[in-house]
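K.L.:
Everything below, folded, please.
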Amino acid sequence: MSKWGMVVDTRLCIGCQSCTVACKSENKTPLGSFRTHVKIIESGKYPKTKKRFAPMLCMHCEKPPCRDICPTGATYKRDDGLVLINYEKCIGCGYCLDACSYDARYLNPKKISAGNGGAVEWGANRAESKADKCTFCAHRLAKGIEPACANTCVGGARQFGDFDDSSSTISQVKNSVESGSKELKNIQASYGPLQLSGLSVFYILPASAADFGLPELGTLSITEGKQLVKVVGSVAAAATLGVLGLSYISSSLAGGSDE
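P.N.:
Numbers count the residues shown, from 1 in each chain. The predicted structure is shown next:
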């Protein structure tokens, strides 16, 4: 079984946004919504300023908070490492959007027909107000084709493959970075294997993760967060029922007065 993943070498990213355009074209993402994009970070003070580029997408976490917090089981993780969404089960509650540390999810503002970037095992329509995100182009992988963003990267900053295949490019690059190979120049940090108990996206960085706007792992466990969401949800539901009840009583009294 493959363990799909991506190496993002930020030293090679030129910020051209071709990956963003290719993804939108391939997956028909709605206007204003993105499955991937290149974040531009500016630092320093004039005249000594620096601009960095950070390609962002779903990290397909080893232990996805979005999956753990989903009340219907709509978000799930496949054996090959992909984190996907069953659009038929999604109720559009948005809990997964709040749970994602990488802001990699959005709610579809309109229906998108099956075949345009949907998960391959059931191929349902991506319905309005349902959660959506990067799938590593699962529909392309099923045909033996790499994701559109990696395929179109002009600088070679995105490399896609199988982390479990020791002969794959991404596996060799990852091992070289982690072993501190002297052949790889200007590397200050890497990001991916340790955050959120393991990610399927491995970043090579010429500066710290913070300099690239990559978040640190929070102190609140997903179990605690899930319980908190449940409590808040229960309170909100009770409050809603209370308001509806008062509204019904008021309407009934008003109706009785008219008689």
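
K.L.:
Could you find the closest non-adjacent residue to Ile187?
P.N.:
Ile204 (6.0 Å; C-beta to C-beta, 6 or more residues apart in numbering). Any C-beta I mention is one placed from the backbone N, CA and C, and that applies to glycine too.

K.L.:
burial of the one you found, as a residue count?
P.N.:
24 (other C-beta atoms under 10 Å).

K.L.:
helix or strand for it, which one?
P.N.:
strand 201-205 (DSSP states H and E).

K.L.:
domain ranges for this protein?
P.N.:
What automatic domain parsing lists as the domains of the chain is 4-212, 220-259.

K.L.:
Lowest mean pLDDT across those domains, which one is that?
P.N.:
When those are compared by mean pLDDT, domain 220-259 comes last with a mean of 49.

K.L.:
what residues are up against the residue nearest to Ile187?
P.N.:
Val7, Val8, Asp9, Thr10, Arg11, Val173, Val177, Leu184, Ile187, Ser190 (C-beta atoms under 8 Å, 6 or more residues apart in numbering).

K.L.:
Can you tell me which of those are buried?
P.N.:
The neighbour count (16 or more other C-beta atoms under 10 Å) marks Val7, Val8, Asp9, Thr10, Val173, Val177, Ile187, Ser190 as buried among the contacts of Ile204.

K.L.:
neighbouring contacts of whichever strand or helix holds the fifth one?
P.N.:
This means Val173. Here Val173 sits within helix 169-178, counting by DSSP H and E. Here helix 169-178 makes contact (C-beta under 8 Å, 6+ apart) with 5-7, 9, 159-166, 183-184, 187, 190, 193, 202, 204.

K.L.:
repeat that with 7 Å
P.N.:
5-7, 159-161, 163, 165, 183-184, 187, 190, 202, 204 (C-beta atoms under 7 Å, 6 or more residues apart in numbering).

K.L.:
Show me what the next helix or strand after that helix packs onto, helices and strands only.
P.N.:
Sequence order places strand 189-191 as the next helix or strand after helix 169-178, per DSSP H and E. With contacts defined as 3 or more C-beta pairs under 7 Å, 6 or more residues apart in numbering; DSSP states H and E, strand 189-191 has these neighbours: strand 201-205.

K.L.:
Within the sheet, what are the partner strands of the strand it packs on, with directions?
P.N.:
Using DSSP bridges, strand 201-205 pairs in its sheet with strand 4-9 (parallel), strand 189-191 (antiparallel).

K.L.:
As JSON lines, those strands with distance to Lys48 would be great.
P.N.:
Shown next, in JSON lines, are these (distance: least, C-beta to C-beta, whole Å):
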{"stretch": "strand 4-9", "distance to Lys48": "25"}
{"stretch": "strand 189-191", "distance to Lys48": "21"}
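
K.L.:
which one of the ones you listed lies closest to Tyr106?
P.N.:
When the strands paired with strand 201-205 are compared by C-beta to C-beta, strand 4-9 sits nearest Tyr106, at 19.9 Å.

K.L.:
which residues sit against that closest one?
P.N.:
Strand 4-9 is contacted by residues 55, 80-82, 136, 141, 150, 157-160, 162-163, 170, 173-174, 200-204 when judged by C-beta under 7 Å, 6+ apart.

K.L.:
circling back: among the domains of the chain, which is the most enclosed?
P.N.:
domain 4-212 (a mean of 17; mean count of other C-beta atoms under 10 Å).

K.L.:
ok now that domain, how far from the chain's centre?
P.N.:
Its chain's C-alpha centre and that of domain 4-212 lie 6 Å apart, by C-alpha atoms, centre = their mean, to the nearest Å.

K.L.:
Please enumerate the strands of the stretch 51-200 of the chain.
P.N.:
75-77, 83-85, 105-107, 131-133, 158-162, 189-191 (DSSP state E, counting those that start in this stretch).

K.L.:
re the thing from before, right, and the pair among the contacts of Ile204 with maximum separation?
P.N.:
That would be Val8 and Leu184, which, of these, are the farthest apart (C-beta to C-beta) at 14.2 Å.
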